[in-house]
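J.: What would the 3D arrangement of this be:
(2 chains)
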Amino acid sequence: MRVTDRLKYAILNKNLARIKQNIDVAQNKIASGKRIIAPSDDPVAASSGIGLEAEKNMNSQYTRNLEKLKTLGGFYDTSVTGIHELLIKAKEIAITQASSTMDATTRRSSAEEIKGIIEQLVTIGNTKVGSSYIFGGEKAGEIPFTLDGDYNVTFNGSEDASSIYIDKGTKEAAGISGYRVFISDSNIFDGLKKLKDALEANDASGIGETLDDLEAALSKTQANISHVGTYVSKIENYIEYKDVRNLDIDESLSQMMDVDIAQVVTEFNALSNAYEAMLYSMAKIQNLSVLNYLT
Amino acid sequence: MSISSILNIAKNALSANQMAIQVTSHNISNVNTDGYTRQAPVFEEESASFVGGILIGNGVKVDSVIRYYDRYIDRQLAGKNNELQEQTIYSQYFERIEGILNEDSTRLTASITEFFNSWQELSTDPESIAAREGILAAATNMSRSINNIYNGLKNIQIELNNKLKQEIDNINTITSAIADLNKMIYEGSTSTSEANDYLNKRTEYIKELSGKLDITYFEDGFGRVTILTSKGKPLVDGGQSWQLTVTDNETTGFYNVGWKDASGNITDITSNITSGMVHGLIEMRDGQINDFISDMDELARAIIEEVNTVHKSGYTLNHDTSSTDPDNIAFFKEITGNYSKDMAVSDEVRADIKNIAAASKIDTTTGKPIGNGAALEIASLIDQKILDGDRSTIVDFTSSITNRIGQFTKSAKNFLEYSEDTMQIIERQREGVSGVSLDEEMANLIKFQYAFQAASRLFAVADELFQSILEAV
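T.: Numbering: from 1, shown residues only, chains lettered A, B, ... in the order given. Just a heads-up that it's a prediction; the model follows:
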């Protein structure tokens, strides 16, 4: 086959362009540290990369939600423990004041103490985190407990706590409703109010009768303490699980998307060698012309 | 037989070799000309004459100048160029679309997940104003990202349409040039060298035309070429050419390709063009880009409608406590078409973020919204199969778009490379036959130069012979 001058240059141009393009691609990969710069570099990996990135993104929200629940769990823990202490105090008062050695004066001052306890419990019940009352259940925007002059406490919240997502399709109660803590089974406020009334009325047997109520309230509160504990540890487990899952995703993403530097650098070197070799051979070929021998 | 006939032979030899040097120079100077085919003089003996009953030669003449070419290679080149130009369009434009749809730059999926995450954020604190600000920002971001993709795709579509018109103009320039060349080839068929250059030019034009659209062509007995579209509409016949033109397609708003007959009537031949650059442009414009635009529309529509349905059944912070009806406020602007173009947060929500609903029920006694039901339901949409006829989630959908554009671009690049390679192979073959080799031409130059010098020498000899005779007188 005849090899003409134009062909010589055309082939050189074409090959130089191709090698340069490949060098450019390799350089881009090294600079960005990414194996996939455009989807066409590996369409399947690029599209699963999007799925994984999205999952990571959503997971970070689930983790935020879980962290919130964990913080909330801390508040519940403090609150329920506080309730427990106050109830023990009330029970002690009831036991002491039920004794026949006590008189109307001590009982009246104890009644004041019980009033204080009720007020403190209402304050606990109205704990607010952010813009939400944590014991309001779904009615997080409304003050859950109101106290009237006669120390009757009304619950304005909802019986159920609202829930939030902690994972794809998995909801978890965002806390505990005040209904469960204060009202259901054995109404703490009713018991204390009865005690307060009996104390004010200097009614020793009446005071004794409230002990059963207080006992029931105490055991319910104890159950709630362990409930909060389980709740918090469950959340913590979830957080840990999410962290592990995120690490898995990161690893898959890295495997899919990140460049193997050693490999690309080798590729790059091979390409630059080819480039140099081509320029060298061209320089040599250029000299092979009959023109050099004509004077 | 006379001495003067020696002079005559010398003169003929001089002019024949001079002509050969001219042809060689022509070759040398066109060493880099695209489509040039090397030429060579064909020497022939001058007819002999009887001198004293003996047939004596009368020297040399240049009978003709021939082109070295292979008609079949030229035909193959033209055909291959048809494929190459079409693939070039695909590769070029798919790469641009890929740039527009690349998650790295659009952050489409990321902005969508951020939007749904912002609803989760609200669900954890349904009364929060800050969370509502977050939703508005995320929604604006997401809408803008979708709008941008739409605009990018639409701009490419418009560009393709304009390019189509340009190419049709180019085709008309080429066909009329070919018709002119036909005329000149016909007229110049007696003076061979000139016609050679016209033929080179015409071959080059035919190759270019074949790159634009699918054609069939053949030569008549006078060397004139007739060109038809592959579906039989004449483009060039002898010295006459027919024009193509663009007409407006009322439904799409883009150009159709029309063929104008002698009396100016236009026949639509858009669907008759089945390959080449023009076909690539049309295919890209009406097929692939439209598919991606409708995907974006489908995505935007699903998000708008699903979010709005839930949001309208929810209760906002501005809920009128005397009413038990949901607030019926749309979160996204309610539109009925051009979803990806016009997607935006509704005016009500933009004017007052308290119009964002988190609750799906109200307290029966106070009438106030309670809970985070609506926020939860909207947040959960990201996991639900709301696209592709309830077969895909949003993330499935966006990642399948990425997969598709990736595959398209990849195979377009591969095809282009393949076309370029095969084109190169044929071009090599063509160069092997028709290309100019400077070394060869140099050798010829020296050959002709010596012949010229030798012929000059003949003059001197004839002159000396004359001198001898004259001196004898």
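J.: Apart from its chain neighbours, what residue comes closest to B:Gly435?
T.: A:Thr4 (3.2 Å; C-beta to C-beta, 6 or more residues apart in numbering or on different chains). Heads up, the C-betas are built off the backbone N, CA and C, glycines and all.
J.: Might you report the residue contacts of the closest residue to chain B within the stretch 101-250 of chain A?
T.: Residue of the stretch 101-250 of chain A nearest chain B, by C-beta to the nearest C-beta: A:Glu138 (3.8 Å). Contacts of A:Glu138 were listed using C-beta atoms under 8 Å, 6 or more residues apart in numbering or on different chains, and they are A:Gly157, A:Ser158, A:Asp160, A:Ala161, A:Ser162, B:Ile370, B:Gly371, B:Asn372.
J.: swap in B:Lys312?
T.: Here B:Lys312 is in contact with B:Pro326, B:Asp327, B:Asn328, B:Ile329, B:Ala330 (criterion: C-beta under 8 Å, 6+ apart).
J.: Now restrict these to buried residues only.
T.: B:Pro326, B:Asp327, B:Ile329, B:Ala330 (16 or more other C-beta atoms under 10 Å in any protein chain shown).
J.: export those residues to a markdown table and tack on distance to A:Thr230, secondary structure and pLDDT?
T.: Formatted as a markdown table, the buried ones among the contacts of B:Lys312 follow (distance: C-beta to C-beta, whole Å; DSSP: H, G, I helix; E, B strand; the rest coil; pLDDT from 0 to 100):
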| residue | distance to A:Thr230 | secondary structure | pLDDT |
| --- | --- | --- | --- |
| B:Pro326 | 37 | coil | 92 |
| B:Asp327 | 38 | coil | 92 |
| B:Ile329 | 40 | coil | 94 |
| B:Ala330 | 42 | coil | 95 |
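J.: wait, which of these is closest to B:Gln407?
T.: B:Ala330 (36.9 Å; C-beta to C-beta).
J.: For the residue nearest to B:Gly435, grab the count of nearby residues.
T.: Per other C-beta atoms under 10 Å in any protein chain shown, the neighbour tally for A:Thr4 reads 23.
J.: same deal with A:Ser281?
T.: A:Ser281 has 11 nearby residues by other C-beta under 10 Å.
J.: I'd like to know how far it sits from chain B.
T.: Look at A:Ser281 and chain B: by C-beta to the nearest C-beta, to the nearest Å, they are 18 Å apart.
J.: Sticking with that residue, tell me its helix or strand.
T.: helix A:261-287 (DSSP states H and E).
J.: what's the following helix or strand after the lowest-mean-pLDDT helix or strand in chain B?
T.: Sorted by mean pLDDT, DSSP states H and E, the helices and strands of chain B end with strand B:49-51, the least confident at a mean of 84. Using DSSP H and E, the helix or strand that directly follows strand B:49-51 along the chain is strand B:54-56.
J.: Tell me which residues of the helix or strand following that following strand come out buried.
T.: Sequence order places strand B:60-67 as the next helix or strand after strand B:54-56, per DSSP H and E. Applying a neighbour-count criterion of 16+ other C-beta under 10 Å, one finds B:Val60, B:Lys61, B:Val62, B:Val65, B:Ile66, B:Arg67 buried in strand B:60-67.
J.: Other residues contacting strand B:60-67?
T.: B:12-13, B:16, B:19-20, B:23, B:37-46, B:192-193, B:196, B:199-200, B:434.
J.: Among those, which ones are in strands?
T.: Members of the contacts of strand B:60-67 lying in strands (criterion: DSSP state E): B:Gln39, B:Ala40, B:Pro41, B:Val42, B:Phe43, B:Glu44, B:Glu45.
J.: can I assume the residue nearest to B:Gly435 is in contact with B:Asp439?
T.: No - between A:Thr4 and B:Asp439 there is no contact under C-beta atoms under 8 Å: 9.3 Å.
J.: which among the contacts of A:Glu138 end up buried?
T.: A:Gly157, A:Ser158, A:Ala161, A:Ser162, B:Ile370, B:Gly371, B:Asn372.
J.: if we take those, which one ends up nearest to B:Asp291?
T.: Using C-beta to C-beta, these come closest to B:Asp291 at B:Asn372, 38.5 Å.
J.: quick revisit: so of the buried ones among the contacts of A:Glu138, which ones are in strands?
T.: B:Ile370.
J.: Including distance to B:Thr267, could the buried ones among the contacts of A:Glu138 go into a markdown table?
T.: Formatted as a markdown table, the buried ones among the contacts of A:Glu138 follow (distance: C-beta to C-beta, whole Å):
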| residue | distance to B:Thr267 |
| --- | --- |
| A:Gly157 | 78 |
| A:Ser158 | 74 |
| A:Ala161 | 74 |
| A:Ser162 | 69 |
| B:Ile370 | 69 |
| B:Gly371 | 67 |
| B:Asn372 | 64 |
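J.: which one of the buried ones among the contacts of A:Glu138 is nearest B:Val225?
T.: For those, the minimum distance to B:Val225 (C-beta to C-beta) is 77.0 Å, reached by B:Asn372.
J.: got the residues of the stretch 251-400 of chain B near chain A?
T.: Contact residues, the stretch 251-400 of chain B versus chain A (C-beta under 8 Å from any C-beta of the partner chain): B:363, B:366, B:368, B:370-372, B:376, B:379-380, B:382-383, B:395-396, B:398-400.
J.: What's the ChimeraX syntax to select whichever of these are buried?
T.: This is the ChimeraX syntax for the buried subset of those, where burial follows 16+ other C-beta under 10 Å:
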select /B:363,370,371,372,376,379,380,382,395,396,398,399,400
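J.: Great, nothing more from me.
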